[in-house]
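In: with the input below, show me the fold.
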Amino acid sequence: MLINFFASKALLSNRLTKVFQDFIRSSRAVGVLLLCCTAFSLLFANLPGAASYRVFWHQPMNIEVPVGHLPHTWLLWVNDGLMVLFFFLVGLEIKRELWEGELSSFKRSILPVGAALGGMLFPAIIYLIFNYHTPYHHGWGIPMATDIAFSLGILSLLGKRIPNSLKIFLAALAIMDDLGAILVIAVFYTEEIHFLYLAAAFVMVLIMVGLNLMRVKRIAIYLLPSLILWYCMLNSGVHATIAGVLAAFSLPLSVFEKLERALHVPVNFIVLPLFALANTAIELPASVGHELFSSLGWGIMLGLALGKPLGIFLTSYLLVKTKLARLPSLVRWKHIAGVGILAGIGFTMSIFITMLAFDMDDWQLIAKLSIMISSLVSGLIGYFYLRYTEPRIRSKK
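Out: This next block holds a predicted model:
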């Protein structure tokens, strides 16, 4: 019986390792695809006669419903509708890590959690230094986010040069970063709350939690409450994508692997590319250089490219030196510095927060370009830094 117990534990460990390895491998492809979609959309939107492409995403859609409303443009269907699946997948990853992964105990979670908090706080402070007394001050949440697909994708390009424990650390850090971004969206980017819809959404969550407690494992039974939850959140004033996270946290862990495998391809290879196409279909003005280097542009670019590595490295250093945490196996301080640089890749979540923070198209344009530039710079510097310092690190062992 004891042998069977340890055998089952080993099988679970191997399965989770394979899931993580598949995730790492696919992150490379997702990162490349998102980069290609962004480049295509940005270039195509600025070709002569491309106005129809830009207008398409904002085309009105008059869908009448008896109560409340639905998204009324293709852009909103992507951001408020399809992106719920992305947030649902993120919610599954967060819950699994909290229950049985790198974030499941204080000793294992303190370093990535602390690093993630530092990596959110420093960019926000840098942004506010530039924009506290400007009309752009509401965008402080934009440089706080890390794009998990891009950052892990670039790290995976380094192959066996990088210890697996560093990839796990970055994954855990990025997952906590996503949780922080979700909380920021829910708390600080909600303008008006309709409590009746919010109460109905809460009832749907209670129903799903109740089904979970009754050990209901058929995914189809959770589908209707999840759809009602999304509709209520859409009309409540709290952003609709939060419904994806709430639904994920309401489901039993036993269905997670099946759901993750089912959603992995459509979310990463359909939803995220559509998000990139829809949100980067922007026309570059002739004065783009002048606008880019405004306080808004500097706040975002320095927040991501400088604030992220500073916050992650200094917080990690403080936690280790005070003996509250210790570095993962085979990981050195140069690795932590490299991961901090890669965490400056904001993209998906940063662009998403941009759309919530600003209503003016010109401000959104500056913010999106700043995110893309700082993400590109962080990705290149992070890759080459780890690429050329890693042989020296490994030779010391």
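In: I'd like the next helix or strand past the helix or strand bottoming out on mean pLDDT in the chain.
Out: Lowest by mean pLDDT, DSSP states H and E among the helices and strands of the chain is helix 2-44, with a mean of 63. Using DSSP states H and E, the helix or strand that follows helix 2-44 in sequence is helix 51-56.
In: now the element after that next one, going C-ward?
Out: Following helix 51-56 toward the C-terminus (DSSP H and E): helix 74-76.
In: what sits up against that following helix?
Out: Outside helix 74-76, the residues that touch it by CB atoms under 8 Å, 6 or more residues apart in numbering are F56, W57, H58, Q59, M61, A278, N279. (Glycine included, C-beta is placed from N, CA and C.)
In: got the residues you listed as a markdown table, with pLDDT and distance to A29 columns?
Out: What follows is the contacts of helix 74-76, written out as a markdown table (pLDDT from 0 to 100; distance: CB to CB, whole Å):
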| residue | pLDDT | distance to A29 |
| --- | --- | --- |
| F56 | 91 | 27 |
| W57 | 91 | 25 |
| H58 | 87 | 30 |
| Q59 | 88 | 30 |
| M61 | 84 | 32 |
| A278 | 90 | 20 |
| N279 | 88 | 20 |
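In: among these, who's most crowded?
Out: A278 (24 neighbours; other CB atoms under 10 Å).
In: contacting residues for it?
Out: By CB under 8 Å, 6+ apart, A278 lies in contact with S41, W57, W74, L75, V78, N79.
In: quick check: which element contains it?
Out: Going by DSSP H and E, A278 is in helix 272-279.
In: now that helix - C-alpha only, PDB.
Out: Output of helix 272-279 as PDB, limited to C-alpha atoms (Å, rounded to 0.1, in the frame of the first residue of the first chain):
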ATOM      1  CA  LEU A 272      -4.600  35.800 -28.200                       C
ATOM      2  CA  PRO A 273      -3.700  36.300 -31.900                       C
ATOM      3  CA  LEU A 274      -7.200  37.900 -32.500                       C
ATOM      4  CA  PHE A 275      -6.500  40.100 -29.500                       C
ATOM      5  CA  ALA A 276      -3.200  41.200 -30.900                       C
ATOM      6  CA  LEU A 277      -4.700  41.900 -34.400                       C
ATOM      7  CA  ALA A 278      -7.700  43.800 -32.900                       C
ATOM      8  CA  ASN A 279      -5.800  46.000 -30.500                       C
END
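In: quick one: list the elements packing against the helix or strand following that helix.
Out: Toward the C-terminus, helix 272-279 is succeeded by helix 288-292 as the next helix or strand (DSSP H and E). Helices and strands touching helix 288-292, by 3 or more CB pairs under 8 Å, 6 or more residues apart in numbering; DSSP states H and E, are helix 361-395.
In: how about a cut-off of 6 Å?
Out: Helix 288-292 is packed against no helix or strand, with contacts defined by 3 or more CB pairs under 6 Å, 6 or more residues apart in numbering; DSSP states H and E.
In: show residues contacting it.
Out: I366, L369 (CB atoms under 6 Å, 6 or more residues apart in numbering).
In: ok, and for that helix, which residues are buried?
Out: For helix 288-292, a neighbour-count test (16 or more other CB atoms under 10 Å) marks E291, L292 as buried.
In: just stretch 239-257 next, same as before
Out: 239-252, 255-256.
In: could you do stretch 71-85 as well?
Out: Result for stretch 71-85 [16+ other CB under 10 Å]: buried residues 71, 73-85.
In: stretch 271-291 too?
Out: In terms of neighbour count (16+ other CB under 10 Å), stretch 271-291 has its buried residues at 271-282, 291.
In: same question, stretch 165-179
Out: Within stretch 165-179, the residues that qualify as buried are 166-179, counting by 16+ other CB under 10 Å.
In: just stretch 188-207 next, same as before
Out: Neighbour counts over stretch 188-207 (16+ other CB under 10 Å) mark Y189, Y197, L198, A200, A201, M204, V205, I207 as buried.
In: point out where the stretch 251-397 of the chain drops to low pLDDT.
Out: Along the stretch 251-397 of the chain, the parts satisfying pLDDT under 70 run over 390-397.
In: now with 80, please.
Out: 284-291, 390-397 (pLDDT under 80).
In: I162: which of the contacts of A278 is nearest?
Out: S41 (30.9 Å; CB to CB).
In: next, count neighbours for that closest one.
Out: Neighbours of S41 (other CB under 10 Å): 21.
In: can you pull out the helices in the stretch 201-350 of the chain?
Out: 223-236, 242-250, 256-266, 272-279, 288-292, 295-302, 308-321, 333-342, 347-357 (DSSP state H, counting those that start in this stretch).
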